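[1] have a look at this prediction, sequence included:
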Amino acid sequence: EPEVTQTPSHQVTQMGQEVILRCVPISNHLYFYWYRQILGQKVEFLVSFYNNEISEKSEIFDDQFSVERPDGSNFTLKIRSTKLEDSAMYFCASGYTGELFFGEGSRLTVL
Amino acid sequence: GIQVEQSPPDLILQEGANSTLRCNFSDSVNNLQWFHQNPWGQLINLFYIPSGTKQNGRLSATTVATERYSLLYISSSQTTDSGVYFCALLTQGAQKLVFGQGTRLTINP
């Protein structure tokens, strides 16, 4: 069964460093998303991406964040200069007809 | 924006018990999904149910779109059912999926 895959599963970084989280969505999907979940809290929307551009972003998704679909298969989230409060689980999701499917997440720890 | 409220926030049951989790939402629904977040943090799709009733084994879900609520039923609970259950709604134009706060279910042996 097709699935959304994310790498890395866990990354530890120093505050101020750049981080790139990678996702391979399900191949025929058209809509792509990044979410994050701080430990013990709800799943929060970051950004949606359709037709090679951002369709919506939340207030969390500030200038430190960017997304890219560089080669038609990968979908990446970049955090330019990480802060302690960026420590969270980051989920990628993709969808086609309305149902969204999530990857297993990338846990980011900022020290 | 869309408001999604889940109840109860926490539920503790003995193995074998049945449970009902509720999701209320503020807007008309194009897409409603139920997820189970397991102890490893993975979000597992349970149901895609904008309306009507669906069943999958011991789990079933009902969405009454006109009254803006959805229910998730778990029968004969097992310890592996423990975790957090989220409902989530997709906004118009598939811009984003809005999650509720979740119900934390603990099944004790």
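    Yes, it's here.

[2] from here on, contacts and neighbour counts on C-alpha atoms
    OK.

[3] flag every residue of chain B that's near chain A.
    B:30-31, B:33, B:41-45, B:48, B:90, B:94-102 (Cα under 8 Å from any Cα of the partner chain).

[4] mind doing that once more with 6 Å?
    B:42, B:101 (Cα under 6 Å from any Cα of the partner chain).

[5] which ones are touching the most centrally placed residue in chain A?
    Nearest residue to the geometric centre of chain A (Cα atoms, centre = their mean): A:Trp34, 3.5 Å. A:Trp34 sits next to A:46-47, A:91-92 when contact means Cα atoms under 6 Å, 6 or more residues apart in numbering or on different chains.

[6] ok, which pair from those is furthest apart?
    Across these, no pair lies farther apart than A:Val47 and A:Phe91, at 11.0 Å, counting by Cα to Cα.

[7] more crowded one of these two?
    A:Phe91 (28 against 24; other Cα atoms under 10 Å in any protein chain shown).

[8] continuing past the helix or strand hosting the more buried one, what's the next helix or strand?
    Assigned by DSSP states H and E, A:Phe91 belongs to strand A:88-95. With elements assigned by DSSP H and E, the helix or strand that comes after strand A:88-95 is strand A:100-102.

[9] going by contacts, tell me the helices and strands next to whichever helix or strand comes after that next one.
    As assigned by DSSP H and E, the chain's next helix or strand after strand A:100-102 is strand A:106-110. For strand A:106-110, the packing partners by 3 or more Cα pairs under 6 Å, 6 or more residues apart in numbering or on different chains; DSSP states H and E come out as strand A:10-13, strand A:88-95.

[10] could you list the paired strands of strand A:106-110 along with their orientation?
    Each strand that pairs with strand A:106-110, with its direction, by DSSP bridges: strand A:10-13 (parallel), strand A:88-95 (antiparallel).

[11] got the ones you listed as TSV, with mean pLDDT and distance to B:Gln37 columns?
    Formatted as TSV, the strands paired with strand A:106-110 follow (pLDDT from 0 to 100; distance: least, Cα to Cα, whole Å):
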stretch	mean pLDDT	distance to B:Gln37
strand A:10-13	97	17
strand A:88-95	96	12
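
[12] who's in contact with B:Thr103?
    B:9-10, B:84-85.

[13] hang on, the earlier thing: hey, which of the helices and strands packed on strand A:106-110 is tucked in deepest?
    strand A:88-95 (a mean of 25; mean count of other Cα atoms under 10 Å in any protein chain shown).

[14] what are the contacting residues of that strand?
    A:25, A:29, A:31-38, A:100-103, A:105-108.

[15] can I get that strand in CSV, CA atoms only?
    Extracted in CSV, the C-alpha atoms of strand A:88-95 (Å, rounded to 0.1, in the frame of the first residue of the first chain):
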residue,chain,number,x,y,z
ALA,A,88,8.6,19.0,17.9
MET,A,89,7.4,16.2,15.8
TYR,A,90,7.0,17.3,12.2
PHE,A,91,4.5,15.4,10.0
CYS,A,92,4.2,15.5,6.3
ALA,A,93,0.9,14.7,4.7
SER,A,94,-0.5,14.3,1.2
GLY,A,95,-3.9,13.9,-0.4
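
[16] picking up where we left off before, so which of the contacts of A:Trp34 comes closest to chain B?
    Closest approach to chain B among the contacts of A:Trp34 (Cα to the nearest Cα): A:Val47, at 7.8 Å.
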